[in-house]
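Just need the structure, nothing else, for what follows:
(chains A and B)
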Number of protein chains: 2
Amino acid sequence: MSNPDPPRLGEFDLIRRHFAPLAKGVEAALGLTDDAAVLTPTAGRQLVLTADAMIAGVHFLADDPAADVGAKLLRVNLSDLAAMGAAPLGYLMTTAWPGDLSESWIADFAAGLAADQAEFGIGLLGGDTVSTDGPLSLSLTAIGDLPAGTALRRDGAKAGDLIYLSGRVGDAGVGLHLRQDAIVVAEGEDRAHAVERFHRPRPRLALGQALRGLASACIDVSDGLVADLGHLARASGVGAAVELARVPLSPLAGAIGGPAVAITAGDDYELLFTVPTSAEARMNQAVASAGVAIQCIGRIVAGADVAVVDGEGRPLELPSTGYRHF
Amino acid sequence: MSNPDPPRLGEFDLIRRHFAPLAKGVEAALGLTDDAAVLTPTAGRQLVLTADAMIAGVHFLADDPAADVGAKLLRVNLSDLAAMGAAPLGYLMTTAWPGDLSESWIADFAAGLAADQAEFGIGLLGGDTVSTDGPLSLSLTAIGDLPAGTALRRDGAKAGDLIYLSGRVGDAGVGLHLRQDAIVVAEGEDRAHAVERFHRPRPRLALGQALRGLASACIDVSDGLVADLGHLARASGVGAAVELARVPLSPLAGAIGGPAVAITAGDDYELLFTVPTSAEARMNQAVASAGVAIQCIGRIVAGADVAVVDGEGRPLELPSTGYRHF
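Sure, this is the predicted structure:
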C-alpha cells in the first residue's frame, strides 16, 4: 500500500529463488504456485498445529547468524510439536523483510531452514512474503500428526506423579548472556555448547513420541523450568516439588548466578513431563532410544504450590518466574 | 530478550482477556492452554492450509478501525481457502504488538475477529503473542478442508475455456484511494460500499465450494484482475483474452482512472475462474445459490499472452500489472 521504491529483489523473485526450493518435492505445497497447500491426512491420525513468532531485537539479536535464525524459528515450533508427542509433517511461514536486509542474509536464512528440513524430514507448505518498515518479523506454523487420542497434554498430572526433565537447563541462558557480552566465560567446549544451544535448540521429537501413552502431562521448557512447571501444574490443578540438587544444570550456570537462576532461564526447549510411578519402568524403557538423557527431578503434589527445595528441604526464593514478552 | 519495562498488560493476560475467548468452545484449541492444537480430520477429506501476513503501514493504515483490521486479516486468508474450494475449519494467529498500542485497540481487533468467527463458523486454534519495536505485525494461518481430490487449482485452464469473474472489481481500489484522501467522491451508497469492500473483503466461500468439479482453474483477485489472470495463465501454460466491456466494474472506477485502472487494482478478493464450455450450464446451476453474481469476461487461448481487448478487439495498454510488495 505504501508502494515502496522499485526493489532490489521483487516479492515473486524472492519466493522463486529462496523459498520455492524449500517446497521442492513437497507434494502438499503444490510448488507454492497455488493459493494454499493441500495436505492428505493419514487415516487414524490427528493433526497437531502450533504457531510462534520471532521479532528481530526481541527474540533474536540483529547480528545473529541468518542460518541460525531460520533454524531457531523452525525448531521452537517443532519443540511445541515434540511436547504434544507429534511427528512433524511440514510448515507454513510468513516473513516481513525490512528494506535494508541483503539478499545474502535471506539466502543464509533459507539455507538454515533447508538444512533443518533435511534433518527433521519436513518441507515448506506455503506462506507469505511481505515488506516492513520495522524489524524483521517472522512467523511459522508447524503441522504434525500422531495416532488419534495419544496427544500429550499439560493437564493430566496427578499428585504422586514423578516429574522428569530431559537434558539439562541453563545452557541457552548462558548462551544468551554470552551473545549479549553480559558475562565472561573462558573459551572451551561448554562455552561453544551454550551458544549453540541458544541459537539452535534441539526439539525432543523422538522423546515426545516415545512418551505417548506413558507421560501424564508434558510441556517444553521455553519460559524457564519453574515457569513452565507452573503452567503444567496450573493446567493440571496440582502443585509440584522439585529438588534443586536433582536438576541437571549447565556446567556454566555459575556464570549467570547459579542454580536458582538457571532453573528460571528460558530457551532450553527440553521436555518437562510427569509420569505415574506405575508407568516409570515402562517409560524408561520406551525412551531409551530417544537420544537424550532424562532425570527425575521431583514429584507432583496436591495443592497449587510449585516449590523448589534445597538439600535440606527448604523452599528457595526464586529470582523470577521466567521470561515474559511484555 | 530485550526485556522491556513492566507492561501495561502482560502476555498471558492479553491472551486470557482477548484471545482465549476466541477459542472458547473450539475443541481442537484445547483452551489455548497447551503447546499446540489437536485437530481431528474428517475421513475422506483433505486439509487446505494458507498463511498471510499484514503489516501496519504496508497492508493497512495505522488509523484503520481495529475491528476491520482483524476482519481483513481473517478474510484475506479465507479468500485463499475459497479459491481452492475449501470450507474453513479454523485458524492460528501470531501478533506482534508495539508498546504504544492501547488495550482498547486490541479489544476492538479481537471483536472484529469474534464477529467474523460467528459469520464464518470457525474459531481460533492457537498462536503466539509477542512484542515488537516496529509496526503492528500480524500473521494468520487458515485451515480448511474439502473432499479428497476436489481442490481447485490454478493450473488446469485449457484453451477454449471460458473465463468467469464473481462480483466486480475496482471497489477496493476506490476504497483505498478514499482512505488515503487521494481522490474525492461524493458521499453515497457507492462510496460507503467501496470503503467497506477495502476494509472487509468478502471471501467467496460458497462459490468456491460450488465450483468443485466444475471449474478447470481458480484464483482469488488479490493483486488485481490482470495480474492474477496472469498467474493463472502461467500456471496453466495458456494465454487469455478478456473483453474489457464485459468486466463488471465499480461504478466509481472513473475516480481512479477508469476501467483500465480498475482491472489492475488489487484487494477485491473476488474469484476468477475458468470453465470448459461443456460444463458451463452445470456450473451456472451449481453456483446459483452461492449469493454472488458471476460474469463471463473472456476466454482462455493457446499461447502465453494475457490480453485485454476493447470493443473493437484492440489490446489495451495497461498501466501496471498489480501491486507488488517490494
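
Tell me where chain A has helices.
A:11-14, A:66-84, A:103-120, A:171-179, A:189-199, A:205-210, A:225-236, A:259-262, A:280-286 (DSSP state H).

Using TSV, lay out those helices together with distance to A:Ile163.
To be clear about C-beta, it is placed using only N, CA and C from the backbone, and glycine gets the same treatment. TSV is the format used below for these (distance: least, C-beta to C-beta, whole Å):
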stretch	distance to A:Ile163
helix A:11-14	46
helix A:66-84	15
helix A:103-120	27
helix A:171-179	20
helix A:189-199	22
helix A:205-210	15
helix A:225-236	7
helix A:259-262	16
helix A:280-286	11
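
Kindly reformat the ones you listed as TSV containing mean pLDDT.
Conversion of those to TSV gives the following (pLDDT from 0 to 100):
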stretch	mean pLDDT
helix A:11-14	82
helix A:66-84	97
helix A:103-120	96
helix A:171-179	95
helix A:189-199	95
helix A:205-210	98
helix A:225-236	96
helix A:259-262	92
helix A:280-286	98
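
CA atoms of stretch A:64-76 as PDB?
The C-alpha coordinates for stretch A:64-76 follow below in PDB (Å, rounded to 0.1, in the frame of the first residue of the first chain):
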ATOM      1  CA  ASP A  64      22.700 -13.500  14.900                       C
ATOM      2  CA  PRO A  65      23.800 -15.700  12.000                       C
ATOM      3  CA  ALA A  66      20.900 -15.800   9.500                       C
ATOM      4  CA  ALA A  67      21.100 -19.600   9.200                       C
ATOM      5  CA  ASP A  68      20.700 -19.800  13.000                       C
ATOM      6  CA  VAL A  69      17.600 -17.500  12.900                       C
ATOM      7  CA  GLY A  70      16.000 -19.700  10.300                       C
ATOM      8  CA  ALA A  71      16.800 -22.900  12.300                       C
ATOM      9  CA  LYS A  72      15.600 -21.400  15.600                       C
ATOM     10  CA  LEU A  73      12.300 -20.200  14.100                       C
ATOM     11  CA  LEU A  74      11.600 -23.800  12.900                       C
ATOM     12  CA  ARG A  75      12.900 -25.500  16.000                       C
ATOM     13  CA  VAL A  76      10.900 -23.600  18.600                       C
END
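
Out of the helices of chain A, which one sits most buried?
Highest mean neighbour count among these (mean count of other C-beta atoms under 10 Å in any protein chain shown): helix A:66-84, with a mean of 26.

coming back round to it: let me have the helices of chain A in CSV, extended by distance to chain B.
Formatted as CSV, the helices of chain A follow (distance: least, C-beta to the nearest C-beta, whole Å):
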stretch, distance to chain B
helix A:11-14, 5
helix A:66-84, 4
helix A:103-120, 11
helix A:171-179, 7
helix A:189-199, 10
helix A:205-210, 10
helix A:225-236, 5
helix A:259-262, 14
helix A:280-286, 19
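
how many other residues sit next to the residue of chain A found nearest chain B?
Closest residue of chain A to chain B, C-beta to the nearest C-beta: A:Gly134 (1.8 Å). Neighbours of A:Gly134 under the rule other C-beta atoms under 10 Å in any protein chain shown: 22.

Next up, the contacts around the nearest residue to it once chain neighbours are set aside.
Once flanking residues are discounted, A:Gly134 sits nearest to B:Gly134: 1.8 Å by C-beta to C-beta, 6 or more residues apart in numbering or on different chains. B:Gly134 makes contacts with A:Ile55, A:Thr132, A:Asp133, A:Gly134, A:Pro135, A:Ser137, B:Ala96, B:Pro98, as judged by C-beta atoms under 8 Å, 6 or more residues apart in numbering or on different chains.

now these: which count as buried?
Of the members of these, the ones counted as buried by neighbours, 16 or more other C-beta atoms under 10 Å in any protein chain shown, are A:Ile55, A:Thr132, A:Gly134, A:Pro135, A:Ser137, B:Ala96.

And for the closest residue to the fourth one other than its chain neighbours, the neighbour number?
Counting by C-beta to C-beta, 6+ apart, A:Ala56 is the residue found nearest to A:Pro135 once chain neighbours are left out, at 3.9 Å. Counted with other C-beta under 10 Å, residues neighbouring A:Ala56 total 21.

same question, A:Leu138
Residues near A:Leu138, counting by other C-beta under 10 Å: 28.

quick one, what contacts the residue lying closest to it once chain neighbours are set aside?
Leaving out its chain neighbours, the residue that sits closest to A:Leu138 by C-beta to C-beta, 6+ apart is A:Met54, at 4.7 Å. Applying C-beta under 8 Å, 6+ apart, one finds that A:Met54 lies in contact with A:Phe60, A:Val69, A:Lys72, A:Leu73, A:Val76, A:Ser137, A:Leu138, A:Ser139, B:Val130.

right, and A:Gly303 touches A:Ala240 too?
No - with contacts counted by C-beta atoms under 8 Å, A:Gly303 stays clear of A:Ala240, the gap being 9.4 Å.

how much space between A:Ala82 and B:Ser278?
As defined by C-beta to C-beta, to the nearest Å, A:Ala82 lies at a distance of 51 Å from B:Ser278.

With A:Ala111 instead?
Relative to B:Ser278, and taking C-beta to C-beta, A:Ala111 is found at 48 Å.

Quick check, central residue of chain A?
With distances taken as C-alpha atoms, centre = their mean, the residue of chain A nearest its centroid is A:Val76 (2.9 Å).

need the contact list for it.
By C-beta under 8 Å, 6+ apart, the neighbours of A:Val76 are A:Asp52, A:Met54, A:Pro201, A:Ser222, A:Tyr269.

The residues you listed: which two are farthest apart?
A:Met54 and A:Tyr269 (13.5 Å; C-beta to C-beta).

so where's the stretch 1-150 of chain A uncertain?
A:1-9 (pLDDT under 70).

scratch that, the stretch 201-326 of chain A is what I was asking about
Using pLDDT under 70, the stretch 201-326 of chain A drops low at A:319-326.

and with 90 instead?
A:260, A:310-313, A:316-326 (pLDDT under 90).

coming back round to it: now render the buried ones among the contacts of B:Gly134 as a markdown table, adding distance to B:Ile15.
A markdown table is the format used below for the buried ones among the contacts of B:Gly134 (distance: C-beta to C-beta, whole Å):
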| residue | distance to B:Ile15 |
| --- | --- |
| A:Ile55 | 17 |
| A:Thr132 | 24 |
| A:Gly134 | 22 |
| A:Pro135 | 22 |
| A:Ser137 | 19 |
| B:Ala96 | 14 |
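
Which member of these is positioned nearest B:Gln295?
A:Thr132 (36.9 Å).

quick one, strands of chain A?
Secondary structure of chain A, counting by DSSP state E: strands at A:37-39, A:45-55, A:87-98, A:123-132, A:137-147, A:162-166, A:217-220, A:239-243, A:271-275, A:294-301, A:306-309.

between those strands, which one is nearest to A:Met283?
In terms of C-beta to C-beta, the element of the strands of chain A nearest to A:Met283 is strand A:271-275, at 5.0 Å.

other SSEs contacting that closest one?
Packing contacts for strand A:271-275, counted by 3 or more C-beta pairs under 8 Å, 6 or more residues apart in numbering or on different chains; DSSP states H and E, involve strand A:162-166, strand A:217-220, helix A:225-236.

Same list (these) but as CSV, adding distance to A:Val247.
Shown next, in CSV, are these (distance: least, C-beta to C-beta, whole Å):
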stretch, distance to A:Val247
strand A:162-166, 7
strand A:217-220, 15
helix A:225-236, 7
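
which one of those lies closest to A:His18?
Nearest of the helices and strands packed on strand A:271-275 (C-beta to C-beta): strand A:217-220, 28.9 Å.

Tell me the gap between the closest one and the middle of its chain.
The chain centre lies 12 Å from the centre of strand A:217-220; the measure is C-alpha atoms, centre = their mean, to the nearest Å.
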